[in-house]
Every structure is written in structure tokens, then in C-alpha cells.
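J.: here's my sequence, what's the structure:
(4 chains)
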There are 2 protein chains.
Amino acid sequence: MAQNVYKAHDHHACIDSAVSRARTLCEEQGARLTPVRQRVLELVWANHKPVGAYDLLPKLAEEGFNSAPPTVYRALDFLLDLGLVHRISSLNAFIGCTHPGEAHPSCFFVCRECGEAQELDAEQVNKIARQAEQMLGVKVEQQMTELMGLCPRCQDAV
Amino acid sequence: MAQNVYKAHDHHACIDSAVSRARTLCEEQGARLTPVRQRVLELVWANHKPVGAYDLLPKLAEEGFNSAPPTVYRALDFLLDLGLVHRISSLNAFIGCTHPGEAHPSCFFVCRECGEAQELDAEQVNKIARQAEQMLGVKVEQQMTELMGLCPRCQDAV
DNA sequence: GGAGATTAGGTTATAATGTTGCAATTCTAC
DNA sequence: GTAGAATTGCAACATTATAACCTAATCTCC
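T.: Just a heads-up that it's a prediction; the model follows:
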């Protein structure tokens, strides 16, 4: 299980480590972590809630970056390719990956109240994939699982 | 495992049984399977590929139905609520459910070449959900898993 | 260090997907 | 048959994502 977002933590450390992991990964892969790309990564990591591409635009604009949709989508595509962020399809939104570096399935729990997302271990999804490959003869290349419900805090808040 | 779409089958039977299951389910629940709703269900079942809402519009128009977006989305929402169709978030598309009646997680394999989708048994996803509930204290209400890759036919075609 | 190739970013327009709000109609139950 | 609920028609609009085309920056190789 990845780091638990429901526990108190120094969130600056989340952002910092996300950026430094990104830097390392880019060096390894010969990719360029340009200013827009790094800033988009930081903004995605601003909290643990998936963020829409169009939410990022005004923030980039404030800081003097170009802020047309293609700019953000290109940065997001770059980060997705490197596995630094995941896309939460059911929300059309993006969230930082807690363990980038190796290709891995996207597997999240998202709270329908507060919107916070928790990355989950995807071992079981791998099992589904292997099962499907054996029983149906398909070849699985990508996987995503999204669970929705209430996080501990929002259950209590009711 | 639900019915295997990669095996030859009489597809009219798929559609017919989908409609008759829908009829039964609607009676049980006191819901109305109106003409638009039934036709949308049939169109979604036209093949085993997820279909976009906007793909349905012209087909409905041809047949004299109203064909504004809300018409289709309302019908789809109705069918989703009853579990008669699933939404494939990563494609913004909809596909018929092979075993409606009880609430159950959405779990599909989708071929990136031909677009055909195969519903999968979601037992493993239930495990993920129970694990997350125990370890994190979350409450899972909805689940979806989407696998992407190549189906047997499209692997051979390469 | 300079030519050509590659990658990244700027800009405008537009495509694709999904929603809101309200009026009109149809159905259901009493 | 009438009130209330559910459904549909309709127009406008909101959100999300991409295409196309060009300029600028960076890299590579000699």
C-alpha cells in the first residue's frame, strides 16, 4: 500500500520528493523536466485531490506561463508517459503518482465528498489481468481501477 | 467469467436477451422502459464495442426519435442506474452489461485495435475494495476496472 | 562552432463530450 | 378526472480535449 493520505503528514515533503523523483527519472530517461512541466507537476501535487487540466490553466497564467489548453495537456501527457502522474478517467482529472519509475497499473480510491484520492496497491488487478490473459487469450497492456466512496474523515463528518 | 465475446455467437440473441432482461428488471423495479430507452439499449447492444453518446444521436434521429444530447444522456443514465449498461470512462463510451440485475462492479477488457470489450469477473476487484476498507477505513460504493490491450483476433492480425 | 535534426512551446481555432433550466406532455394513483 | 410525479422536447451553454501550423530552443554530429 502506498503512503496513506489520510494520516497527517508534511505535505511540502510530498511535493519536494515528487519533484526530485521526477528530476532523477528524467535524467535516467534523457527527458527534459522543463519549467512548465515541473510547475504542472508541483500544481498536481498541491494536494491529494485529482485536478482538472482546466483548473491548472489560471494558476499557470498567474505565474506568467503560457496558459492555453495545449500547454497544459502537453505537460500532462509528458508526465503521464513517464508515470509521474495518473489520470482518473471517471473524473477527467490528474493526480500525482506515489511511486513513479516503473510502469504500473493505476489503482485509486477517490472520496466522493472531499475528492481526495488514495493510491492503492494493484496486485489484485494484476491477477485479473493474468486471469484474462489465460482464459481469454487477450494481451493486457494497461490497467486502471477506480474505487469511489467515502474516506474515513467524510464518513465521520456525516 | 461472463459470456466470451471472442467466440462466434448469434448476436441477435444477445440483443434480444438484453432487452428481455431489461423488461423484467424494469417491471420488478417499477421503472418504465420507454421507446427511447429501449432503443438506446438496443443500439448500445448493436455490437460488443463501447459506443459514444454522440454516436447514438444520428441513429436515433434516423428513426424519428428526438436526437438532442439530453435525450441520449437521460436514457443512458436511466440504463446505468438500473445496471443495464456500464460506462467505460477511459473511452467516454457505454456498453451493455452482460449480467444486470444486481449491483456489481464494472470490469472490462477493451481491445485497443478493434475496440471490442469483454466483461470480466470482478471478484478480485472486490478484494481490493475490502482490503482498502480494512486498511484505510474507507467505504467503497462504486468500483470500475478497465484493462486495455489486444484481443486474440487482433494479436493474430499483426 | 555551425548545419541540420529533433524536441518543445505559442497561438488560434475547433472538436468532442456532457449539463442546465424550463416548458410541455404523459403517466399513475387516488 | 385531477393532482402530482415522471418523462420528454428544446435551446443554450459548460467542460474537456485536440488539430494544425508555426516559431524557438536544444541537441547531435562532424
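
J.: now name the helix or strand holding the most far-flung residue of chain A relative to its centre.
T.: For chain A, the largest distance from the centre (CA atoms, centre = their mean) belongs to A:Met135, which lies 30.9 Å off. Per DSSP states H and E: A:Met135 is located in helix A:123-136.

J.: one more: A:Asp55?
T.: Judged by DSSP H and E, A:Asp55 forms part of helix A:53-62.

J.: CA-only coordinates of that helix in CSV, if you can.
T.: C-alpha atoms of helix A:53-62 as CSV (Å, rounded to 0.1, in the frame of the first residue of the first chain):
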residue,chain,number,x,y,z
ALA,A,53,-6.5,20.3,-16.7
TYR,A,54,-8.5,23.5,-16.9
ASP,A,55,-8.0,24.1,-13.2
LEU,A,56,-4.3,24.4,-13.8
LEU,A,57,-4.6,27.0,-16.6
PRO,A,58,-5.4,30.0,-14.5
LYS,A,59,-2.7,29.1,-12.0
LEU,A,60,-0.1,28.9,-14.7
ALA,A,61,-1.3,32.1,-16.1
GLU,A,62,-0.9,33.9,-12.8
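
J.: any idea which helix or strand comes after the helix holding A:Met135?
T.: Past helix A:123-136, the next helix or strand by DSSP H and E is strand A:139-150.

J.: how about that next one as CSV, C-alpha atoms only?
T.: Listed next in CSV are the C-alpha coordinates belonging to strand A:139-150 (Å, rounded to 0.1, in the frame of the first residue of the first chain):
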residue,chain,number,x,y,z
LYS,A,139,-2.8,-9.4,-24.1
VAL,A,140,-3.2,-6.7,-21.4
GLU,A,141,-1.1,-3.6,-21.8
GLN,A,142,-2.7,-1.1,-19.5
GLN,A,143,-4.8,-1.3,-16.4
MET,A,144,-6.8,1.1,-14.3
THR,A,145,-9.0,0.7,-11.3
GLU,A,146,-11.0,3.4,-9.7
LEU,A,147,-13.0,2.9,-6.5
MET,A,148,-15.4,5.6,-5.3
GLY,A,149,-16.9,6.0,-1.9
LEU,A,150,-16.3,7.8,1.4
